[in-house]
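Asks: Sharing a sequence plus its predicted fold:
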Amino acid sequence: MLQGLETQDSNYDKKNTAFAAETRDLVKVYGQNRAVDNVNLSIPNGGIYALLGPNGAGKTTIINMLATLIKPDGGSAKIFGHDVRTETHVVRQLISVTGQSAAVDEKLSGYENLTIFGLLLGLSRSAANRRAKELLEQFELADSANKTLEKYSGGMRRKLDLAASLIVQAPLIFLDEPTTGLDPRTRIQMWNIIKRLVKTGSTILLTTQYLEEADQLADRVAVIDHGHVVAEDTPHKLKAAIGKATLRLELASEKDLNETMRITEKMLGTKPSNPEPALVTAPMANPDSVTDLLIALREGSIRLAAVSVLEPTLDEVFLALTGTPKLEGVGQ
Amino acid sequence: MSAQKIIPPEERDLKNRISLRTTVVNSLTMAYRSLLLIRRTPQQLFDVTIQPILFTGMFAFLFGGAISGSVQGYLPIIIPGILATTALTASIATGVQLREDMDKGVFNRFKSMPIARIAPLMGPLLADLVRYAIATGLTFGIGYLLGFRWANSLAVLTAAILVIYAAWCVGWIFAFLGTVAPTTQVVSGISNAILFPLAFLSGAFVPTKTLPSWLQDFVNINPLTYIVSAVRQLLNQGTIGNDFWLSIVGSAAVVVIFVPLTLRFYMRKA
Ligand SMILES: Nc1ncnc2c1ncn2[C@@H]1O[C@H](COP(=O)(O)OP(=O)(O)O)[C@@H](O)[C@H]1O
Ligand SMILES: [Mg+2]
């Protein structure tokens, strides 16, 4: 059945557009340093894909190769089926990039910057002017439209840089650490913009050092370390793979605590703890045994106020995968 | 952002080549950008404004008496000389400005956009035409104020076009330097090392006949000498001679050699 569908797809179009981006054994070497070392990624068309990794992992280098800014030293990369090396111009028509540092003219005003990029993208003079005004308003920069960027704050500059990437909405949008250094309010704004872009048909490939961000935004995550992909899955499955979900039992009455601890240890086979007088938590290796535990508690006439399962954080995932706790904490 | 969906990639008409028309339009947009940048930093115009004014006044009054007996008599010699050296200085600035421009963050955006790859290079070079025009106009203006009278207006127009054309062609040498040199300092260092002997060991400020013979040999192979002579002949006699054609052909040769070279090195980085 699935195979049949695939054949149909490939008849419909020779280019494989199931993937917004695909890399095979992608390599970039700087001197002795293999900054990107045989990276294989398949980024589905649609949705948000995150490259998660500490500083120096190789995230920016991967983005730069996919965005035709630097040439790979080995392997291949395709954007909607088009080779980044041989079909450079086609690829550039399908992408837009917002890099880690602002790529705008410091000496020009926000309005002039956006107008010039619009003209370069083939808009007419009036369309370019209109689009520039629209974006400045949308990004709450209208008051500073005619100031040169030298007078912009860091956050304003990043917003303008993103606006410049959205003059014409591309099918694949690269965002390299889009929220690093932003205040919480602007970060939420940025997240909302990203979600809207996906709704209107774009694929987002973003990089981040924040666990919370990958977890909240991304449909799939590739964890990058030292130029390698160390894991790739949905945020949920990545966490599940580590298998350290925690069961959390809130008791209706404190007097049942000792009995609950005893039954939990017996049924789950792991040692529970009680961080609060009416709270029992226990590592949960096998979800099936939870059913048995709950039945046993009912038979023992122990009443529960709440039951919940805590998934492990991506921090724990990263630690488990690489043995090094290198990621920054949530929300820093 | 509207809720409307964008056109999916497979339904787009995509080409891996850029049409000539797009290349021209992109280059003109980049020229517009360069002109905006010049307006924001008028210091960029010092070399084409202050220099012609200062040099014409200074040289005329300093050397006028010594070389030609009077300021009036010296003007026909010095005005073409100032014109050519100012244009040369202005074309040298091209290299430094291009290097500075290429080091800006915005160049990364240009590189990832679906635009003609030579457009970011053509923009500043096209905007340079305006700088050369300012330099030429100012030099003629100050010359006129000091009492210089040229043969006829067609001659002065032809001379202006010759100088702007030659400056633009020679500008490619420095655009090439700007593209290959690692830093702005290297570009300006090399450029100045070229500028001074070319400007002063030429027929620009003194009649060649007054020089010692070994110096005359150098002056006679200095391309600037030919441009200066062509301009002098145009302005003073209103005629076109061998020097004019040599300047046209020589400048064209510079373009033929340096445009492909510059593009090659520029593309490698872009
Ligand atoms: N232009 C360059 N020259 C030399 N080394 C580089 C260059 N760019 C990146 N690197 C190195 O490649 C590695 C990956 O860098 P980068 O992709 O920027 O990481 P990330 O974006 O994940 O922080 C780092 O060790 C970095 O020092
Ligand atoms: Mg980075």
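Replies: All right, it came through fine. Since the structure is predicted, the reported quantities are computational estimates derived from the model, not experimental observations. Residues are numbered from 1 along each chain as shown, chains lettered A, B, ... in the order given. Ligands and ions are numbered 1, 2, ... in the order given.
Asks: switch to C-alpha atoms for all contacts and neighbour counts from now on
Replies: Fine.
Asks: Just want the phi and psi numbers for B:Trp150.
Replies: Note on B:Trp150: backbone dihedrals following degrees, to the nearest 10 are phi -90, psi 170.
Asks: okay but A:Arg125 is in contact with A:Leu114, surely?
Replies: No. Between A:Arg125 and A:Leu114 there is no contact under C-alpha atoms under 8 Å: 11.5 Å.
Asks: more neighbours, those two?
Replies: The neighbour comparison of A:Arg125 against A:Leu114 (other C-alpha atoms under 10 Å in any protein chain shown) goes to A:Leu114, with 29 against 12.
Asks: does the residue nearest to that one when sequence neighbours are not counted sit in a helix, a strand or a coil?
Replies: Excluding its sequence neighbours, the residue lying closest to A:Leu114 (C-alpha to C-alpha, 6 or more residues apart in numbering or on different chains) is A:Ala132, at 5.2 Å. Put simply, A:Ala132 is helix when judged by DSSP: H, G, I helix; E, B strand; the rest coil.
Asks: Over to A:Pro275?
Replies: State at A:Pro275, reduced to three classes by three-state DSSP: strand.
Asks: who's in contact with A:Leu247?
Replies: A:Thr281, A:Ala282, A:Pro283, A:Met284, A:Val307, A:Ser308, A:Val309, A:Leu310 (C-alpha atoms under 8 Å, 6 or more residues apart in numbering or on different chains).
Asks: if you set the cut-off to 7 Å instead, what comes out?
Replies: A:Thr281, A:Ala282, A:Pro283, A:Met284, A:Ser308, A:Val309, A:Leu310 (C-alpha atoms under 7 Å, 6 or more residues apart in numbering or on different chains).
Asks: could I get these as JSON lines with secondary structure, pLDDT and distance to ligand 1?
Replies: Listed next are the contacts of A:Leu247 as JSON lines, based on DSSP: H, G, I helix; E, B strand; the rest coil; pLDDT from 0 to 100; distance: C-alpha to the nearest ligand atom, whole Å:
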{"residue": "A:Thr281", "secondary structure": "strand", "pLDDT": "88", "distance to ligand 1": "36"}
{"residue": "A:Ala282", "secondary structure": "strand", "pLDDT": "87", "distance to ligand 1": "36"}
{"residue": "A:Pro283", "secondary structure": "strand", "pLDDT": "82", "distance to ligand 1": "33"}
{"residue": "A:Met284", "secondary structure": "coil", "pLDDT": "79", "distance to ligand 1": "33"}
{"residue": "A:Ser308", "secondary structure": "strand", "pLDDT": "89", "distance to ligand 1": "35"}
{"residue": "A:Val309", "secondary structure": "strand", "pLDDT": "84", "distance to ligand 1": "32"}
{"residue": "A:Leu310", "secondary structure": "strand", "pLDDT": "81", "distance to ligand 1": "29"}
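Asks: Out of those, flag the one nearest to A:Ala163.
Replies: Taking C-alpha to C-alpha as the measure, A:Ala163 sits nearest to A:Leu310 out of the contacts of A:Leu247, at 37.9 Å.
Asks: surely that closest one meets A:Ala245?
Replies: Yes. A:Leu310 is within contact range of A:Ala245, at 5.5 Å (criterion: C-alpha atoms under 7 Å).
Asks: Compare the two and say which is more crowded by neighbours.
Replies: Per other C-alpha under 10 Å, whichever of A:Leu310 and A:Ala245 has more neighbours is A:Ala245, with 20 against 13.
Asks: tell me the phi and psi of the residue nearest to that one when sequence neighbours are not counted?
Replies: Residue nearest to A:Ala245 in three dimensions, not counting chain neighbours: A:Glu311, with 4.7 Å by C-alpha to C-alpha, 6+ apart. Torsion angles at A:Glu311 (phi, psi; degrees, to the nearest 10) stand at phi -80, psi 150.
Asks: A:Glu311 against A:Ala241, yeah?
Replies: No. Judged on C-alpha under 7 Å, A:Glu311 makes no contact with A:Ala241 at a distance of 10.5 Å.
Asks: Could I get the pLDDT score of the residue of the stretch 51-200 of chain B found nearest ligand 1?
Replies: The minimum distance from the stretch 51-200 of chain B to ligand 1, using C-alpha to the nearest ligand atom, falls at B:Asn108 (13.1 Å). Looking at B:Asn108, its pLDDT stands at 88.
Asks: Now do it: how many residues are near it, please.
Replies: 21.
Asks: Okay, helices next: where are they in chain B?
Replies: B:20-40, B:46-63, B:71-102, B:106-112, B:119-145, B:153-180, B:184-200, B:213-221, B:223-232, B:242-269 (DSSP state H).
Asks: burial count for residue 206?
Replies: Going with chain A. Per other C-alpha under 10 Å, the neighbour tally for A:Leu206 reads 27.
Asks: meant chain B actually
Replies: 18.
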